[in-house]
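1. Model the structure of this input:
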Amino acid sequence: MHQKHIIWIKDKNSTLKQQLYQQARQRVQSKLCQMKNNWWDDLAVELQDAADRKDSKCFYDNLKKAYGPRDVNSAPFAVKVVLHSTPTSLIYCSVGLNTSSPC
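-> Residues are numbered from 1 along each chain as shown. So this is what the prediction gives:
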């Protein structure tokens with residue numbers, strides 16, 4: 001695909017080269033989508049098998065595959081939301097720790 005892209009870039013006026021590149025790109029995207037779907041299907045089967053066996057370690061290990069590892073070193077961003085109303089009944093909010101800017 002990369003070679004077809006380079007060939008088309010060198011000759012932008014050629015519709016044949018553009019079509020060849022687009023076909024190659026579509027095949028790659030289709031294959032990638034199929035690979036992702038297969039991975040999710042396999043993961044779902046593994047999760048269901050672990051749940052059926054009541055194997056919590058395997059179940060949570062497979063959940064980590066789906067959601068990724070949890071970063072224990074970072075703290076979540078603290079947000080304080082305060083709603084204010086003015087005499088004209090407009091409501092705006094202040095977001096952040098020490099900010100008073102409207103949303």
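2. List the buried residues of the longest helix seen in the chain.
-> When the chain is scanned for its longest helix (criterion: DSSP state H), the result is helix 15-53. Of the residues in helix 15-53, those scored as buried under the neighbour-count criterion (16 or more other Cβ atoms under 10 Å) are Lys17, Gln18, Leu20, Tyr21, Ala24, Leu47, Ala50. C-betas here are computed from N, CA, C, even on glycine.
3. Take those residues and write them to CSV, including pLDDT and distance to Trp39.
-> Supplementary listing: those in CSV, determined by pLDDT from 0 to 100; distance: Cβ to Cβ, whole Å:
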residue, pLDDT, distance to Trp39
Lys17, 83, 33
Gln18, 83, 32
Leu20, 85, 29
Tyr21, 84, 27
Ala24, 86, 23
Leu47, 91, 12
Ala50, 92, 16
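4. residue ranges with poor pLDDT in this structure?
-> 1, 69, 71-103 (pLDDT under 70).
5. Spatially, and excluding backbone neighbours, which residue is closest to Ile7.
-> Of all residues not flanking Ile7 in the chain, Lys17 sits nearest, at 5.5 Å (Cβ to Cβ, 6 or more residues apart in numbering).
6. Quick check: the gap between the one you found and Gln29.
-> Between Lys17 and Gln29 the computed distance is 19 Å (Cβ to Cβ, to the nearest Å).
7. No more questions from me, cheers.
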